[in-house]
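Enquirer: Got a predicted structure here, sequence first:
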Amino acid sequence: MEKALNRQKILLHHLKPTSSFSFSSQTHHQSSALSASVCAAGDSAAYHRAPAFGDDIVIVAAYRTPICKAKRGGFKDTPADDLLAVVLKAVVEKTNLDPSEVGDIVVGTVLPPGSQRATECRMAAIYAGFPDTVPIRTVNRQCSSGLQAVADVAASIKSGYYDIGIGAGLECMTVDNITRVRNMNPRQVDNFAQARDCLLPMGITSENVAERYGITRQEQDQAAVNSHRRAAAATASGKFKDEIIPVSTKIVDPKTGQEKSVTISVDDGIRPNTDLSTLAKLKPAFKNDGSTTAGNSSQVSDGAGAVLLMKRSLAMQKGLPILGVFRSFSAVGVDPAVMGIGPSVAIPAAVKSAGATGARCVATLLNEMKRRGKDCRFGVVSMCIGTGMGAAAVLERGDSVDELCNARAAHS
Ligand SMILES: CC(=O)SCCNC(=O)CCNC(=O)[C@H](O)C(C)(C)COP(=O)(O)OP(=O)(O)OC[C@H]1O[C@@H](n2cnc3c(N)ncnc32)[C@H](O)[C@@H]1OP(=O)(O)O
């Protein structure tokens, strides 16, 4: 009975138009929600009554393992299929979904061993309790493979290929190293400078970005300090608690060779005490006179994540929380020598395809999101991609069941 009432509350909430707010530079301190009326992403009473509202592709569950340092972190002895199985199981168990209803699982993975990791992923789905009728495939768009997997699932649901899908990501860099591509066609590579640049190690492309755009070592170190601090604060305040699924695994002591059982529930590469003077002492990692170091570059990691998607109408029928709406996705190409600039091209493209027009709107949206932090309504997920690409997706915040029920309780 209580469940039925909750479901009814959720349905009512979804049918109720949210208040609209017109943004202007003079009034932007007034609202806790960045209005879609600025960027035409569809926040109006008419839109909420239109069939397009029910057809929105929404995220109803999103879970990940902790992200652990490759080779020395918590998952150094955990096989990739075990990591994927944990998150696949979580998205169906936590939503009480019958796994046989899933139309497809798409797994983004960048450095897979033979057969593009297809076999390990299929086995992981079986470990997670999916029946053999549910298909699975992998996708590789290098650093944005997980995002591409989610975009592929969203597009397939939109096209009517199936109703429910899982977009996932999996990387196990302890075993799958970034290695240079061998046996290239020398005639072609020598004649095409940009093709040759596709072979550049990521660290060198980072040095190129710093050199071409005048980014100093201190600026890179400061950005690293800021992101470590933000991550450490988010961990300490429990912000990642709801998205992380603890993983029970085994870890081998490198000194004694002894195996012990552990449960890993937090990311292990975050350094709460990182400060500028310590980072300044680290040697460049990729080029003797360079500015990219182990302290200001991304670490190599092991981990997995999964996101459950369906149309809003189906989520409402099932009484599932709308965590977010997958508004748009864009992948673009840039010069491979400076692949790190990918997001600066992909983000405007994704924001534009979400319905925004004009550079001012993009800048307004991005600045506003930055300023408002957690209260922000729209978010952009973006990655730079080795070999010279960028990808971005625009997400719109949804309502979680807890938020809805708390709001209802407060009003009753
Ligand atoms: C599209 C994309 O996403 S592009 C990005 C693709 N990703 C990449 O290219 C990965 C880039 N990163 C790397 O390759 C690796 O992290 C490297 C090569 C830079 C460093 O690897 P490692 O040597 O394993 O790093 P490690 O974490 O051990 O750090 C090396 C040293 O710096 C120190 N260090 C690193 N970070 C910090 C920090 N924040 N504060 C203080 N010291 C630090 C470590 O303590 C370590 O010191 P030690 O040798 O005395 O123990």
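Expert: That came through, no problem.
Enquirer: continuing past the lowest-mean-pLDDT helix or strand in the chain, what's the next helix or strand?
Expert: Across the helices and strands of the chain, mean confidence by mean pLDDT, DSSP states H and E is lowest for helix 36-39: a mean of 34. Proceeding C-terminally, helix 36-39 gives way to helix 45-49 as the next helix or strand, assigned by DSSP states H and E.
Enquirer: pLDDT of that next one, averaged?
Expert: If you average the pLDDT over helix 45-49, you get 76.
Enquirer: One more: stretch 212-230?
Expert: Per-residue scores along stretch 212-230 average to 95.
Enquirer: Kindly report the same for stretch 153-167.
Expert: Across stretch 153-167, pLDDT averages out at 98.
Enquirer: thought G74 was touching D268?
Expert: Yes: in this structure, G74 is within contact of D268 by Cβ atoms under 8 Å, at 5.3 Å. Yep, even glycine has a C-beta here, placed from its N, CA and C like the rest.
Enquirer: where do the contact lists of these two overlap?
Expert: 66, 68 (Cβ atoms under 8 Å, 6 or more residues apart in numbering).
Enquirer: who has more neighbours, those two?
Expert: For G74 versus D268, neighbours defined as other Cβ atoms under 10 Å are more numerous around G74 (24 against 16).
Enquirer: Name the residue of the stretch 51-200 of the chain that lies nearest to the ligand.
Expert: Closest contact between the stretch 51-200 of the chain and the ligand, by Cβ to the nearest ligand atom, is at C143 (3.1 Å).
Enquirer: What does the pLDDT read for that residue?
Expert: At C143, pLDDT is 92.
Enquirer: Residues in a beta bridge with it, which ones?
Expert: Applying DSSP bridges to C143 yields these beta-bridge partners: R141.
Enquirer: and it, how many residues sit next to it?
Expert: By the criterion of other Cβ under 10 Å, C143 has 22 neighbours.
Enquirer: Over to the one 5 residues further on?
Expert: Residue neighbour count, defined by other Cβ under 10 Å, stands at 24 for Q148.
Enquirer: Distance from the chain centre to whichever helix or strand it is part of, please.
Expert: For Q148, the element it lies in under DSSP H and E is helix 145-159. From the chain centre to the centre of helix 145-159 is a distance of 12 Å (Cα atoms, centre = their mean, to the nearest Å).
Enquirer: what's downstream of it, the next helix or strand?
Expert: Next along the chain from helix 145-159, counting by DSSP H and E, comes strand 164-172.
Enquirer: still on that earlier bit, does any bit of the helix holding Q148 sit next to the ligand?
Expert: No: under the criterion of Cβ under 6 Å from any ligand atom, the ligand is not reached by helix 145-159; the shortest gap measures 10.3 Å.
Enquirer: For the nearest residue to H228 once chain neighbours are set aside, give me its contacts.
Expert: Excluding its sequence neighbours, the residue lying closest to H228 (Cβ to Cβ, 6 or more residues apart in numbering) is T274, at 4.2 Å. Counting by Cβ under 8 Å, 6+ apart, T274 makes contact with 224-225, 228-229, 295.
Enquirer: Go through the protein and flag its longest helix.
Expert: Secondary structure of the chain read by DSSP state H shows that its longest helix is helix 217-236.
Enquirer: tally of neighbours for P135?
Expert: 14.
Enquirer: Leaving out the residues flanking it, which one is nearest to it?
Expert: D104 (5.4 Å).
Enquirer: Surely that neighbour and G165 touch.
Expert: Yes: taking contacts as Cβ under 8 Å, D104 lies within contact range of G165: 5.0 Å.
Enquirer: Run through the stretch 1-150 of the chain and note the low-pLDDT ranges.
Expert: 1-44 (pLDDT under 70).
Enquirer: who in it is up against the ligand?
Expert: C143.
Enquirer: As a check, name the ranges of all strands in the stretch 1-150 of the chain.
Expert: With DSSP state E, counting those that start in this stretch as the criterion, the stretch 1-150 of the chain has strands at 57-64, 68-69, 104-108, 136-139.
Enquirer: any idea which of those strands is most buried?
Expert: strand 104-108 (a mean of 25; mean count of other Cβ atoms under 10 Å).
Enquirer: Can you give the contact residues for that one?
Expert: Contacts of strand 104-108 (Cβ under 8 Å, 6+ apart): 84, 88, 117, 121, 125, 130, 134-141, 144-150, 152-153, 156, 161-162, 165-170.
Enquirer: Just the buried ones from those residues?
Expert: 84, 88, 117, 121, 125, 130, 134, 136, 138-141, 144-150, 152-153, 156, 165-170 (16 or more other Cβ atoms under 10 Å).
Enquirer: residues shared between the contacts of D104 and G165?
Expert: Common neighbours of D104 and G165 (Cβ under 8 Å, 6+ apart) are 153, 156.
Enquirer: List the residues that contact the closest residue to R122 other than its chain neighbours.
Expert: Distances taken as Cβ to Cβ, 6+ apart place I136 nearest to R122, at 5.4 Å, with adjacent residues excluded. Contact analysis of I136 by Cβ under 8 Å, 6+ apart lists 104-107, 118, 121-122, 125.
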